[in-house]
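Pasting the sequence and the predicted coordinates here, then a few questions.
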Amino acid sequence: MAGHSHSANIKFRKDRVDAARAKAFSKVARLITVAAKMGGGDIASNPRLRLAVEKARTANMPKDNVDRAIKKGTGEGDLGQFEEIVYEAYGPCGVAVMLDVLTDNRNRTGPEIRKLFERSGGNLGSSGSVAYMFERKSVFVVEGGVEFGEDRLMEATIDAGADDLVAVGDTFEIQGPPGEFLSIKESLEAAQVPLMRAEVTMIPQTTVQLESADDARKILKLLGGLEEHDDVQGVSANYAIDDAIMAEIGEEL
């Protein structure tokens, strides 16, 4: 889930227990299976599959799981017809939300997503209603304690296509074009930089500052529910929360 890209609390839900990790593995496995079905099981000749496998590696998904997902995609079994959908919506407090969805039944998924927004006081929007507030980017998050610091991080990634590096709390966040995801990731790995997060996601260009703990609870509850949905692959929202408010509600999350 991505919120304001320059906020130290954007990944507050990442330290979840095994159940959350299992759900994440299930979602990535679906991406791999669909990619293998669409373009074959050869990573070298299937860029979509390579991206999905890189996402699995970043999530520390076991290699056996990856191999099974690829074999499932290239097998003879009927996997159904999956389609990618981007939902645009507004959550509570006017927060804009973008959802990347992979579903085999949009007639089931659409109403379920709509209900989650309506329960929170939000609503689904039409195509283009919030997309203009976001830009798709490759995003890499690195621990701020890496020994060679910001300058050498930039040196390691700028030639690979990175176009921004900022300090975010106690981390560094590197951004680049979506098409340069693999080259930037490979450059960081070659420099032996440990990654906390690596993904292609939607980054908000404008933000809504949440002014109270109650407002923060509302939006975080909605986004948490969306992340839990089996068909939702990515959630981005243009909220910003002060550290003082996050400290107030942090133990509830």
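All right, it came through fine.

in the stretch 101-250 of the chain, which ranges drop under the pLDDT threshold?
145-148 (pLDDT under 70).

And the helices in it?
106-120, 149-158, 181-190, 213-228, 243-249 (DSSP state H, counting those that start in this stretch).

Can you add mean neighbour count and distance to residue 136 and give these back as JSON lines?
Any C-beta I mention is one placed from the backbone N, CA and C, and that applies to glycine too. Converted to JSON lines, the helices of the stretch 101-250 of the chain look like this (neighbours: other Cβ atoms under 10 Å; distance: least, Cβ to Cβ, whole Å):
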{"stretch": "helix 106-120", "mean neighbour count": "15", "distance to residue 136": "20"}
{"stretch": "helix 149-158", "mean neighbour count": "16", "distance to residue 136": "18"}
{"stretch": "helix 181-190", "mean neighbour count": "18", "distance to residue 136": "10"}
{"stretch": "helix 213-228", "mean neighbour count": "19", "distance to residue 136": "18"}
{"stretch": "helix 243-249", "mean neighbour count": "14", "distance to residue 136": "26"}
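
In CSV, could you pull the C-alpha coordinates for stretch 168-187?
Extracted in CSV, the C-alpha atoms of stretch 168-187 (Å, rounded to 0.1, in the frame of the first residue of the first chain):
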residue,chain,number,x,y,z
VAL,A,168,12.2,9.2,4.2
GLY,A,169,12.5,9.0,7.9
ASP,A,170,15.1,6.3,8.6
THR,A,171,15.0,5.0,5.1
PHE,A,172,16.0,6.0,1.6
GLU,A,173,13.4,5.8,-1.2
ILE,A,174,14.6,5.5,-4.8
GLN,A,175,12.2,6.1,-7.7
GLY,A,176,12.5,5.6,-11.5
PRO,A,177,10.4,4.9,-14.6
PRO,A,178,8.4,1.7,-14.5
GLY,A,179,10.3,0.3,-17.5
GLU,A,180,13.6,0.6,-15.6
PHE,A,181,12.5,-1.5,-12.6
LEU,A,182,14.7,-4.5,-13.4
SER,A,183,17.8,-2.5,-14.3
ILE,A,184,17.6,-0.4,-11.1
LYS,A,185,17.0,-3.5,-9.0
GLU,A,186,19.9,-5.4,-10.6
SER,A,187,22.2,-2.4,-10.0
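
In JSON lines: the helices of the stretch 101-250 of the chain, plus distance to residue 133.
Output for these, formatted as JSON lines (distance: least, Cβ to Cβ, whole Å):
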{"stretch": "helix 106-120", "distance to residue 133": "17"}
{"stretch": "helix 149-158", "distance to residue 133": "26"}
{"stretch": "helix 181-190", "distance to residue 133": "22"}
{"stretch": "helix 213-228", "distance to residue 133": "15"}
{"stretch": "helix 243-249", "distance to residue 133": "22"}
